[in-house]
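*Asks:* build the 3D model from these lines:
(one chain, ligands or ions: 2)
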Amino acid sequence: MKKLLILGASGSIGTQTLDVIITYKLYDLVAITVGNRFDIVDEIIAKFPTVKYVTIKEKNVADKYQEKYPNLQFYSGNEGLLKIIEDSKADVVVNALTGFAGLLPSIKSLELNKILCLANKESLVVGGEFIKKLLKEGKGKLYPIDSEHVAIAKCLYNKNINDVDKILITASGGPFFDLDKNEFKNIKVEDALKHPNWSMGKKITIDSSTMMNKAFEIVEAYYLFDVPPNKIFPLVDRKSHVHSLVKFNNGEYRLQVGPSDMRIPIYYALTFGKCDNNDKFDDVEINTFDNYEFKEMNYEKFPLINYGKFIIEKKGNMGAIINAANEECVYEFLNFNINYVDIKNIIDKIVDVYPYIKNPTLDEIIKTDHEVRNLVHELI
Ligand code: NAD
Ligand code: MG
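*Replies:* Ligands and ions are numbered 1, 2, ... in the order given. Next up is the predicted model:
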């Protein structure tokens, strides 16, 4: 059996990945990383005796675990996220980290010729050009986990990318789609954490409410499928039944429909795009899907979505600028330090003032990330 490493095993995607590999007996899980939810480590080690390598964010916690499990190898910090990719000799890496922290592990996995199953869309937002270059050089392989992108990949099955007229990435519209824009200033953390259709980590849930998640998914689609930005559009499906659509030049549409269950796209990535499978997920009655009712994205209400195409157009360090500003603003909002509308205002301000670099090195991307975070705090 192939060996698997899960980066971010304690998160929403991480735990669902554990569920998929146990249900469908897909891999030998050899390595995991966790952030602050380290209490889950004992449970995972007990359930998966094949685990030999573990990274825990905090060094003192990792040291305690090392004493407890002398036969396993523990690492900590950001270096630990890279070291484990090398030492575990995993064939496949699931990157289910949140935010910028996912970038270097994605790059490292490809450099070491691993198959990368990518949930961490921020890797492509901040470092899409670096990842594209590695893949072009034949380093590693990349499979998406994001539900919309798996849907698009399924729609493209046996099709030529040159025959694509449009990629329509569906969006649920989030909890505020029908809210008057004047009310946005009163949005509380608990309101923004109520996603209508999906249960996910906090950061992506806030991004889904502001449409920054959809902006990032536009960038993700651009890098995954190599289609120009003028062929990629968001489309709102309030029920999240249709996970995305592709329109072809001959007028034909394909769409992928199914339950809102992330285990389905995770399974797709872990089996490298196996489309014709007998492994069953929950059955859904056809009438559950009743009518498809699509709505146009409201760009005026959700202007952050425009940053998707802006990042593609600018490239350079623009993805890193916008991602870092967004990440910090989202965490500050979750910590009750700024208002909901400040998220957009601060991001706009930073995009205005932070120096744009057209052809950055990876070090400059890292520096951008670091400096923009500091700048956000200065502005606050
Ligand atoms: P989450 O917050 O539930 O989990 C994130 C994981 O990463 C945790 O294990 C956490 O401990 C770890 N982590 C975060 N920062 C870290 C750091 N600096 N160092 C070490 N570990 C760190 O998030 P999630 O919802 O599972 O999302 C993970 C990624 O998948 C995100 O990029 C998100 O956009 C993407 N994604 C999630 C979903 C979903 O349904 N949850 C769907 C599509 C895409
Ligand atoms: Mg998605």
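*Asks:* use CA for all of it now, contacts and neighbours both
*Replies:* Fine.
*Asks:* contacts for stretch 89-100 next, please.
*Replies:* 2-9, 11, 13-14, 30-31, 85, 102, 105-106, 109, 114-120, 122-123, 126, 203, 323-324, 327, 369 (Cα atoms under 8 Å, 6 or more residues apart in numbering).
*Asks:* run the last query once more with 7 Å
*Replies:* Residues from elsewhere that reach stretch 89-100, judged by Cα atoms under 7 Å, 6 or more residues apart in numbering: 2-8, 13-14, 30, 102, 106, 109, 114-120, 122-123, 327.
*Asks:* same question, stretch 202-209
*Replies:* For stretch 202-209, contacts defined as Cα under 7 Å, 6+ apart pick out 174-176, 192-193, 195, 213-214, 330.
*Asks:* do that stretch and ligand 1 come into contact?
*Replies:* Yes: judged by Cα under 6 Å from any ligand atom, stretch 202-209 comes into contact with ligand 1 at 202, 204.
*Asks:* ok, and the closest non-adjacent residue to Ala320?
*Replies:* Val126 (4.5 Å; Cα to Cα, 6 or more residues apart in numbering).
*Asks:* do a quick rundown of the strands in the stretch 1-150 of the chain.
*Replies:* Under the criterion DSSP state E, counting those that start in this stretch, strands of the stretch 1-150 of the chain are mapped to 3-7, 28-34, 53-56, 73-76, 92-95, 115-118, 141-144.
*Asks:* between those, which one is nearest to ligand 1?
*Replies:* Ligand 1 lies closest, by Cα to the nearest ligand atom, to one member of those: strand 28-34, at 4.5 Å.
*Asks:* wait, is Asn291 part of a helix?
*Replies:* No: with DSSP: H, G, I helix; E, B strand; the rest coil as the criterion, Asn291 is located in coil rather than a helix.
*Asks:* could you chop the protein up by domain?
*Replies:* As given by automatic domain parsing, the domain ranges for the chain are 3-144, 149-306, 316-380.
*Asks:* deepest in the core, which of those domains is it.
*Replies:* The highest mean neighbour count among these, using mean count of other Cα atoms under 10 Å, belongs to domain 3-144: a mean of 20.
*Asks:* pLDDT on it, on average?
*Replies:* Throughout domain 3-144, pLDDT has a mean value of 97.
*Asks:* and the residue of the stretch 201-350 of the chain nearest ligand 1?
*Replies:* Counting by Cα to the nearest ligand atom, the stretch 201-350 of the chain gets nearest ligand 1 through Gly201, at 3.3 Å.
*Asks:* run through the residues of this structure sitting next to ligand 1.
*Replies:* Proximity of the chain to ligand 1, by Cα under 6 Å from any ligand atom, involves residues 8-14, 34-37, 57, 96-99, 101, 119-122, 146, 200-202, 204, 262.
*Asks:* again, 5 Å this time
*Replies:* Counting by Cα under 5 Å from any ligand atom, the chain comes close to ligand 1 at 8-13, 34-35, 96-98, 101, 119-120, 146, 200-201.
*Asks:* just those: which are in helices?
*Replies:* Within the residues of the chain next to ligand 1, residues falling in helices by DSSP state H are 12-13.
*Asks:* can you give me the helices for the stretch 151-300 of the chain?
*Replies:* 189-192, 202-210, 212-225, 263-270 (DSSP state H, counting those that start in this stretch).
*Asks:* list the helices and strands the last one packs on?
*Replies:* Spelled out, it's helix 263-270. Contacts defined by 3 or more Cα pairs under 7 Å, 6 or more residues apart in numbering; DSSP states H and E place helix 263-270 against helix 12-23.
*Asks:* which secondary structure elements does the helix it packs on sit against?
*Replies:* Packed against helix 12-23, as judged by 3+ Cα pairs under 7 Å, 6+ apart, are the following elements: helix 263-270.
*Asks:* contact partners of the helix it packs on?
*Replies:* 16-17, 20, 117, 143-147, 150, 274.
*Asks:* can you redo these as JSON lines with distance to Ser240?
*Replies:* Listed next are these as JSON lines, based on distance: Cα to Cα, whole Å:
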{"residue": "Gln16", "distance to Ser240": "19"}
{"residue": "Thr17", "distance to Ser240": "21"}
{"residue": "Val20", "distance to Ser240": "21"}
{"residue": "Cys117", "distance to Ser240": "23"}
{"residue": "Tyr143", "distance to Ser240": "22"}
{"residue": "Pro144", "distance to Ser240": "18"}
{"residue": "Ile145", "distance to Ser240": "16"}
{"residue": "Asp146", "distance to Ser240": "13"}
{"residue": "Ser147", "distance to Ser240": "10"}
{"residue": "Val150", "distance to Ser240": "14"}
{"residue": "Lys274", "distance to Ser240": "23"}
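*Asks:* among the residues you listed, which one sits closest to Lys344?
*Replies:* Comparing the contacts of helix 263-270 against Lys344 with Cα to Cα places Asp146 closest, at 23.9 Å.
*Asks:* let me see the contact set for the closest one.
*Replies:* 119, 265.
*Asks:* can you give me phi and psi for it?
*Replies:* According to degrees, to the nearest 10, the main-chain angles of Asp146 amount to phi -50, psi 130.
*Asks:* over to Leu193?
*Replies:* phi -80, psi 0.
*Asks:* is Asp348 part of a helix or strand, or is it coil?
*Replies:* helix.
*Asks:* measure it to Val34 for me?
*Replies:* For Asp348, the distance to Val34 equals 32 Å [Cα to Cα, to the nearest Å].
*Asks:* just Tyr69 next, same as before
*Replies:* 16 Å.
*Asks:* same check, this time on Thr271
*Replies:* Counting by Cα to Cα, the gap from Thr271 to Val34 is 23 Å.
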